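K.L.:
here is my input; please provide its structure:
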Amino acid sequence: MSTQMNLAYDYPLLSAFWTMLWFFLWIMWFVLLFRVVLDIFRDDNLNGWAKAGWLVFCLVLPFLGVFVYVVARGKSMGRRELAQAREQQEAFNAYVRETAGGGRSGV
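P.N.:
Below you'll find the model as predicted:
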């Protein structure tokens with residue numbers, strides 16, 4: 001029985017804080033990476049070779065690729081996301097109007 005057992009009180013509070021901080025930063029990094037990749041495929045202004053170039057750049061050098069993409073195309077990325085949200089909201093509103101309007105019977 002010469003193995004050392006680490007108990008909860010052997011792990012200081014500051015180390016737990018740093019571990020949680022790095023864990024959440026890691027999760028945020030993957031969310032940003034996936035959003036950039038989805039935006040590359042969503043953009044209609046880019047042709048196929050440009051999409052392939054951005055995708056390879058973001059996958060081979062992920063930190064630099066994502067940073068350059070956000071700096072170079074960040075504004076248009078937000079505009080595309082806003083336009084998609086508006087289209088989805090308009091489609092939902094049209095569906096609700098169509099469904100609610102079809103339920104009236106002679107009133």
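K.L.:
centre-most residue in the protein?
P.N.:
By C-alpha atoms, centre = their mean, the mean C-alpha position of the chain lies nearest to R35, the distance being 3.3 Å.
K.L.:
which of the helices or strands spans it?
P.N.:
Secondary-structure assignment from DSSP states H and E places R35 in helix 13-42.
K.L.:
avg pLDDT for that helix?
P.N.:
For helix 13-42, mean pLDDT rounds to 90.
K.L.:
buried stuff in that helix?
P.N.:
Applying a neighbour-count criterion of 16 or more other C-beta atoms under 10 Å, the buried positions in helix 13-42 are L33, V36, V37, D39, I40. Just so you know, the C-beta spots here come from the backbone N, C-alpha and C atoms, and that holds for glycine as well.
K.L.:
I'd like the distance from stretch 87-97 to the chain centre, please.
P.N.:
24 Å (C-alpha atoms, centre = their mean, to the nearest Å).
K.L.:
need the CA coordinates for that stretch. PDB is fine.
P.N.:
Provided in PDB are the C-alpha atoms of stretch 87-97 (Å, rounded to 0.1, in the frame of the first residue of the first chain):
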ATOM      1  CA  GLU A  87     -35.900  34.100 -42.700                       C
ATOM      2  CA  GLN A  88     -36.600  31.500 -40.000                       C
ATOM      3  CA  GLN A  89     -38.800  33.900 -38.100                       C
ATOM      4  CA  GLU A  90     -40.700  35.000 -41.200                       C
ATOM      5  CA  ALA A  91     -41.300  31.400 -42.100                       C
ATOM      6  CA  PHE A  92     -42.500  30.600 -38.600                       C
ATOM      7  CA  ASN A  93     -44.800  33.700 -38.600                       C
ATOM      8  CA  ALA A  94     -46.200  32.700 -42.100                       C
ATOM      9  CA  TYR A  95     -46.900  29.200 -40.800                       C
ATOM     10  CA  VAL A  96     -48.600  30.400 -37.700                       C
ATOM     11  CA  ARG A  97     -50.800  32.800 -39.700                       C
END
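K.L.:
sorry, back to before: can I get the buried residues of helix 13-42 in CSV with distance to R80?
P.N.:
Converted to CSV, these look like this (distance: C-beta to C-beta, whole Å):
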residue, distance to R80
L33, 17
V36, 12
V37, 14
D39, 6
I40, 11
